[in-house]
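K.L.:
the sequence and its predicted three-dimensional model are supplied below.
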Amino acid sequence: MSIFSRLRRSLSSPSQADDGAGAGISIDYALNIRGESPAKLTLQRVFEQSRQVVRNNKDATTPPEAPARPTTKGRPRLLLMGQRRSGKSSISSVVFHKLPPNETLFLESTARIQKDSMASFMDFQVWDFPGQIDIFENPNYDMDAIFGEIGALIWVIDAQDDYLEAVTRLNTTILHLQRSYPNINIEVFIHKVDGLSDDYKLDIQRDITIRIQDELSDHGFENAPVTFHLTSIYNHSIFEAFSKVIQKLIPQLGTLEAMLTNLCRTCRFEKAYLFDVLSKIYIATDSAAADMASYEICSDYIDVIIDITEVYGSWPRSDAQRRRIEGEPWNAKVDDQVACPWAESCMVLHDAGRPIMLREVDRYLALVAIMKEDSYDRMPLVNMNVEAVVQGLTEFFDITKPRK
Ligand SMILES: Nc1nc2c(ncn2[C@@H]2O[C@H](COP(=O)(O)OP(=O)(O)OP(=O)(O)O)[C@@H](O)[C@H]2O)c(=O)[nH]1
């Protein structure tokens, strides 16, 4: 059963948790990734080294209350905080539960912390905090339990409302965290920017950035890990922002990017994305400049494939069909004729004549690439390279998965 047929089931029942261009280059590339390749050995070595460094730092220099880096163990946690009605639950519902954006109008206010476990390529958790509670004011909250395994704190600010109070609370939060949990990434979502002019969006972003940086430097924190994103649930910006947040939590992201960059060069792809299919967050892309349009089309393509799979289900071939495909002139087993035994799809875009291809990697991940105009003629070569990269990606996630 393909990932896409399993997907709708997992979406409808989110778990709640308590706690070069030539053939020669292509073939070399494929051979390098298969077997006990130097690439695999290097990745293993580099990964073990960095784990060792993290362990040593923790033992020797890190103060006791500082958390382990999220990449070392446990499930990274994304904490959604901000003022009431700023859009936290809407973000979580749209990105992780596929709620249509206009249905967020009917969401009720969150009364207690909502914890969602995401069975995804790296099993992270999303905690949605009620806007009205200030955890630093309330002694009942166990800070270590909240921030101990954290991946990132996402602070949502409603850009269509008066944001001064939100910025003041955010400043207080950052100062608390800088003192006790300095490793936590703070991601500020300047949210609901749909309907605002480009100039106005940038003005708001500049104003909020200055207010936060001024406050931080007044307290002696010059290099706090604070990043700003302009977001809205009514377009792809929220997925793009989450992609950036998640990418910071992936160990050895550079290796993944290098694999995709190599694939693009070898197969002459314009752009390649590795998607988490459930959320449509991209967890890595090649080194070419990212543009929203290519992300949007790849992400919409995933939706198309999901919808088609939903309507038609999986595609069991009858014996007669199988015999016909495997007979003359091919004389090969059908499994050897297709690059992938699960979902596989390729579509040619009419406007630019550029095919898009999609290939499953495992239960959660799919590789989606935009090809150049002439690349459709070389599909066998492309398939072979994609297969090699998929195998490399599988090994990557096997090596880097969290261990106790
Ligand atoms: N225009 C616009 N409205 C949004 C966006 N995101 C959320 N909203 C709306 O904002 C309102 C509040 O959203 P919620 O997700 O309930 O806000 P919350 O932060 O979870 O609120 P509390 O649970 O009270 O803390 C809803 O009516 C949403 O439809 C956005 O990107 N653009």
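P.N.:
Done, it's in.

K.L.:
rest of the way, CA atoms for contacts and neighbours
P.N.:
OK.

K.L.:
now do stretch 215-228, average pLDDT.
P.N.:
Stretch 215-228 comes out with an average pLDDT of 87.

K.L.:
identify the residues contacting that stretch?
P.N.:
With contact meaning Cα atoms under 8 Å, 6 or more residues apart in numbering, stretch 215-228 is reached by 171, 175, 178, 182-190, 205, 209, 213.

K.L.:
then stretch 148-167?
P.N.:
When contacts are defined by Cα under 8 Å, 6+ apart, stretch 148-167 is touched by residues 66-70, 74-83, 85-88, 170, 184-193, 204, 208, 211-212, 245, 249.

K.L.:
any idea how far apart the tips of stretch 105-114 sit?
P.N.:
Using Cα to Cα, to the nearest Å, one end of stretch 105-114 lies 18 Å from the other.

K.L.:
repeat that for stretch 88-108.
P.N.:
Criterion Cα to Cα; first-to-last residue distance in stretch 88-108 is 11 Å.

K.L.:
could you list the buried residues of it?
P.N.:
Neighbour counts over stretch 88-108 (16 or more other Cα atoms under 10 Å) mark 88-98, 101, 104 as buried.

K.L.:
related to what we said a few turns ago, could you turn the buried ones of the contacts of stretch 215-228 into a PyMOL selection?
P.N.:
The following PyMOL line selects those of the contacts of stretch 215-228 that are buried, judged by 16+ other Cα under 10 Å:
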select buried, resi 171+175+182+183+184+185+186+187+188+189+190+205+209+213
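
K.L.:
near the ligand, which residues of the chain?
P.N.:
Counting by Cα under 6 Å from any ligand atom, the chain comes close to the ligand at 84-90, 104-105, 107-110, 130-131, 191-192, 194, 232-234.

K.L.:
hmm, back to that, now, which of the contacts of stretch 148-167 lie within strands?
P.N.:
Counted as lying in strands by DSSP state E, out of these, are 77-82, 185-191.

K.L.:
how about JSON lines for these, with pLDDT added?
P.N.:
As requested, the ones in strands among the contacts of stretch 148-167 are exported to JSON lines (pLDDT from 0 to 100):
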{"residue": "77", "pLDDT": "86"}
{"residue": "78", "pLDDT": "90"}
{"residue": "79", "pLDDT": "91"}
{"residue": "80", "pLDDT": "93"}
{"residue": "81", "pLDDT": "92"}
{"residue": "82", "pLDDT": "92"}
{"residue": "185", "pLDDT": "89"}
{"residue": "186", "pLDDT": "92"}
{"residue": "187", "pLDDT": "95"}
{"residue": "188", "pLDDT": "95"}
{"residue": "189", "pLDDT": "96"}
{"residue": "190", "pLDDT": "96"}
{"residue": "191", "pLDDT": "95"}
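
K.L.:
got the domain boundaries for the protein?
P.N.:
Using automatic domain parsing, the domain ranges for the chain come out as 20-45+251-400, 72-247.

K.L.:
these: lowest mean pLDDT?
P.N.:
Ranked by mean pLDDT, the domains of the chain end with domain 20-45+251-400 at the bottom, a mean of 75.

K.L.:
ranges for the helices of this structure?
P.N.:
3-12, 23-33, 38-60, 88-97, 143-147, 164-180, 198-218, 237-247, 253-267, 292-312, 319-326, 334-337, 379-400 (DSSP state H).

K.L.:
which among these is found nearest to residue 275?
P.N.:
Between residue 275 and the helices of the chain, the tightest spacing by Cα to Cα is seen for helix 292-312, at 8.1 Å.

K.L.:
quick check: angle from the closest one to helix 237-247?
P.N.:
Interaxial angle, helix 292-312 versus helix 237-247 (axes from the mean of the first three to the mean of the last three Cα atoms, to 10 degrees): 100 degrees.
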